[in-house]
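Asks: Quick one: sequence plus predicted model below, questions after.
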Amino acid sequence: MMISRLLSLEQWKSWLWSVVRFTLITGLSFVILFPIFQKISTSIKDKSDLYSAVVVWIPQNFSIDNFKQAIRVMDYWATLLNTFALSATTTILTTLSCALAGYGFARLKFKGSNLLFAGVILTILVPPTTILIPVYLNLKSFDLMGLMTLIAGKPVNLLNTYWPFILTAITANSLKAGLYIFIFRQFFRGIPKEVEEAAYVDGAGISRTFVRIMLPNAVPSIVTVLLFSFVWQWNDSFYTTTYLTSSKVMSTQLSSLPYNLAQQVSDGASKADPFYLSMIQDTGILLAILPLIIIYLFVQRYFVESVERTGIVG
Amino acid sequence: MKALLKWKWGRRTYAQQKAAWGVIYVLPWLIGFVLFFFVPLLASLRYSLSSIQANAQGISIQFTGLANYIQALTVNTSFNRALIESITDVLVNVPLIVIFSLFLAVILNQKFPGRAIARSIFFLPVILASGVIMALDSTSLIEAVNQSSTGGSALGTFEIENLMLDAGLSEWVVMYLSGAVDRIYQIVSQSGVQILIFLAGIQTISPQLYEASKMEGATGYEAFWKITFPMVSPLIFVNVIYTIVDSFASNAMTTLIRDTGFVKFDFGLSSAMAWVYFVAIAVILIVVSLIFSKRVFYQD
């Protein structure tokens, strides 16, 4: 019995596959995690370890000086608060407006709704760069069809405020909102019609059915959209560096980090060592993504499970 | 009068009510679509055909016909190169990303110890892949030194290259594959969302199909090509489109367009570039859709 098992080709094949699979997954995980480990290792090194040939991963002299410098140059705590406030606000508003639009397109068909949905697809396909300049000029002198001139006497400049983000989030046109509407629409299309009809027969109106029956069922897709939206807003450099040039949010701070470092970290008259600056820069990047990694650690399980049940798959 | 009464809430049929609510639900999006997408899109088209001067009164727009397009395509030194580079980049990367993510989704769907950890690691790039971080990483001196200390290409593909060439593979294929190995981090970090989509798709395939095929004596290899692959083929299409759109969202081309607009303040030229770029993407998407629409297997 044992011998026949050992000789079985099938058994050997499955063993071999397990080994190959394990190697592959470990290797690729390493490729993904390597830059993060490297940053952690760099960030806790002392300046003197930078040129030491002995030090590869674990520093000889531990130091939190890099963190202190990066926190000071980035104005980290204020930046963190701003970024969190901005991302959380747009995330909640985007999820709400996209859920509404997604439900509207999936279940409340009206004349021309298919044509409008083609518009949603169009917003996904047109690169944001194409409409950047008109949107920018529009926000610079924001004049809602002459409404602002009526109230304030002149168009308002919305640049360097959070209004561009809030307005686009309320109206489901923020960063990648087309994708979120698509996800919600796919999900709501998958809920059986009977559920809705039962609620209607029991006397619930359409908005009541939506809030009480549909939304609680849509938790997987809500989680997905919340997460995507939060993370992408946090990382977004495209809109933030255009609309929020002087505000302190993570991505503008990150993109101006090399410049700020060269300005602020120098030993008196001499120019600072570029390697040392690079070290602080790496620490800065680590600090910027750290909150996301911490959040991810807590929600990743829920995230992975929820995406599988989202109905992205139509 | 009768028609007017019909518009009252109570008198409406269920279907009519639904349609009316549909308009209300979609309305926020529609307002945003018009304000922040459609009007700007038309304005951008108009700018691309004009010369724009900013002055104290605001901006003055003068119609100049195709001058901006001609300038972008013939005079501007970096436009053609950036455009072709961006397009080649996408065409090279898309097949790699899609095949790679399908392969990984199949693997991550199998049962093995540590599956949960493996999954959460592979979705990490969804969170980390971002324009600024990638850009700063590529300028990081420390990364550069670490790269060079491992001997040029990070994974030492030189020997494998020779091995494959000796085995008689054509040089083009070898270069493509070894290039893929060198860019493995880029590919892995761009395929997080695609892996998620494939994984979700694979899990909707009914297990009975696999059971039945196993009874008939199909190997895992056959099961993949005869069951998994056709069942996820619509998602291959989705992922190809997503990958194309995603990789066009930020690259050398978008940087050039932004610099022309916001550093040189040549809004007209910048808009013209953006439109050429958009048309190029649109053509690629249409061609891809035409190729795929013939081959995708739909269950209904």
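Replies: Yep, that arrived.

Asks: in chain A, which helix or strand is least confident?
Replies: Within chain A, no helix or strand scores below helix A:2-7, which has a mean of 64 by mean pLDDT, DSSP states H and E.

Asks: and the helix or strand just after it, which residues are buried?
Replies: Scanning forward in sequence from helix A:2-7 by DSSP states H and E, the next helix or strand is helix A:9-43. Neighbour counts over helix A:9-43 (16 or more other CB atoms under 10 Å in any protein chain shown) mark A:25, A:28, A:29, A:31, A:32, A:35, A:36, A:38, A:39, A:41, A:42, A:43 as buried. No exception for glycine: its C-beta is placed from N, CA and C like everyone else's.

Asks: Pull the contacting residues for the fifth one.
Replies: Going back to what we said before, that points to residue A:32. With contact set as CB atoms under 8 Å, 6 or more residues apart in numbering or on different chains, residue A:32 has these partners: B:121, B:122, B:124, B:125, B:185, B:188, B:189.

Asks: shouldn't the first one be in contact with residue A:33?
Replies: Yes - in this structure residue B:121 lies within contact range of residue A:33 using CB atoms under 8 Å: 6.6 Å.

Asks: Check whichever residue of chain A sits closest to chain B and give its pLDDT.
Replies: In chain A, no residue comes nearer to chain B than residue A:171, which is 2.4 Å away by CB to the nearest CB. Per-residue confidence at residue A:171 stands at 92 (pLDDT).

Asks: Residue B:88 now?
Replies: On the pLDDT scale, residue B:88 gets 89.

Asks: Over to residue B:83?
Replies: 90.

Asks: Let me know whether my guess that it is in a strand holds.
Replies: No - according to DSSP: H, G, I helix; E, B strand; the rest coil, residue B:83 belongs to no strand; its state is helix.

Asks: sorry, back to before: residues touching the residue lying closest to the residue of chain A closest to chain B once chain neighbours are set aside, list them.
Replies: Closest residue to residue A:171 apart from its sequence neighbours, by CB to CB, 6 or more residues apart in numbering or on different chains: residue B:32 at 2.4 Å. Going by CB under 8 Å, 6+ apart, residue B:32 touches A:97, A:167, A:168, A:170, A:171, A:172, A:173.

Asks: and with 10 Å instead?
Replies: Contacts for residue B:32 (CB atoms under 10 Å, 6 or more residues apart in numbering or on different chains) come out as A:97, A:101, A:123, A:167-174, A:177, B:38.

Asks: Then residue B:165?
Replies: B:171, B:173, B:174, B:175, B:178.

Asks: Where does the second one sit, in terms of helix or strand?
Replies: Using DSSP H and E, the secondary-structure element containing residue B:173 is helix B:171-182.

Asks: Which neighbouring elements make contact with that helix?
Replies: Here helix B:171-182 touches helix B:79-109, helix B:158-166, helix B:184-190, going by 3 or more CB pairs under 10 Å, 6 or more residues apart in numbering or on different chains; DSSP states H and E.

Asks: chain center to the shortest one, what's the gap?
Replies: Relative to the centre of its chain, helix B:184-190 is centred 13 Å away, using CA atoms, centre = their mean, to the nearest Å.
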